[in-house]
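> sequence first, predicted model second:
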Amino acid sequence: MGWIIFFGLIALVVFWAIGAYNRLVNLRNRFKNAFAQIDVQLKRRYDLIPNLVETAKAYMKHERETLEAVIKARNTAVSANAAAAADPASPAAIQGLMAAEGALTGALGRLFALAEAYPDLKANQNMMQLSEELTGTENKISFARQAFNDAVMSYNTAVEQFPSNVIANFFSFKLAELLQATESPEEKKAVKVQF
């Protein structure tokens, strides 16, 4: 009778461990999927930016430095996004993406601020359409970031809570990095794409 209770307790612990492990895997896959949704929207944003710059070039001939800064920031953000997409659990990759996105947001903000001085550019149909698409994409990115942070929060909570933290430590589940606003006040400002 004592052996039955002993083996029953062992079986219970094994089933609990399997369940805890599977829950952690499920939560980790959810935040990776949430990042994939961000990735889709960021790629759309990156595809819109060269068209926006090309449209602006015709009107902003004397603003070459600003246009080049936008393209450089976009290229840096594309590289940072690729690194983060390869491993969304990497704090360094997520921090690199946040910094690159902050720089891109700042460069776009400067572009839109300069565009205000060019009435013909503001009235350009292509520019207005690109601006509208970019605004919609920015909104989708915001929602996708929120979903990602929610998924990361659930995962991190499971990794830290007892008793699932025992399984997390044993199988090397690491905390994931939240997407946070950058520290620069300029980078925290929303990109205004109103024309």
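Structure received.
> C-alpha only now, for contacts and for neighbours.
OK.
> quick one, strands of this protein?
Listed in chain order, the chain contains no strands at all (DSSP state E).
> what helices and strands are in contact with the longest helix seen in it?
Looking across the chain with DSSP state H, the single longest helix is helix 2-57. When contacts are defined as 3 or more C-alpha pairs under 8 Å, 6 or more residues apart in numbering; DSSP states H and E, helix 2-57 sits against helix 64-86, helix 125-160, helix 164-170.
> so which of these gets nearest residue 46?
Closest to residue 46 of those, according to C-alpha to C-alpha: helix 64-86, at 6.4 Å.
> go through that closest one and flag the buried ones.
Buried positions in helix 64-86, judged by neighbour count with 16 or more other C-alpha atoms under 10 Å: 66-67, 69-71, 73-74, 76-78, 80-85.
> stretch 85-92 now?
For stretch 85-92, using 16+ other C-alpha under 10 Å, the buried residues are 85, 88-91.
> could you point out which residue ranges in the protein have low pLDDT?
181-195 (pLDDT under 70).
> 80 instead, please
Low-confidence segments of the chain, defined by pLDDT under 80: 1, 61-62, 122, 181-195.
> between the buried residues of helix 64-86, which sits nearest residue 169?
Proximity of those to residue 169 was ranked by C-alpha to C-alpha; the top entry is residue 84 with 23.3 Å.
> now the closest one: closest residue in space that isn't a chain neighbour?
residue 93 (4.7 Å; C-alpha to C-alpha, 6 or more residues apart in numbering).
> how many residues are close by the one you found?
20 (other C-alpha atoms under 10 Å).
> in the buried residues of stretch 85-92, find the pair that's most separated.
It's 85 and 91 that sit farthest apart of those, by C-alpha to C-alpha, at 11.9 Å.
> the residue nearest to residue 84 against residue 83, yeah?
Yes - between residue 93 and residue 83 a contact is recorded at 5.8 Å, counting by C-alpha atoms under 8 Å.
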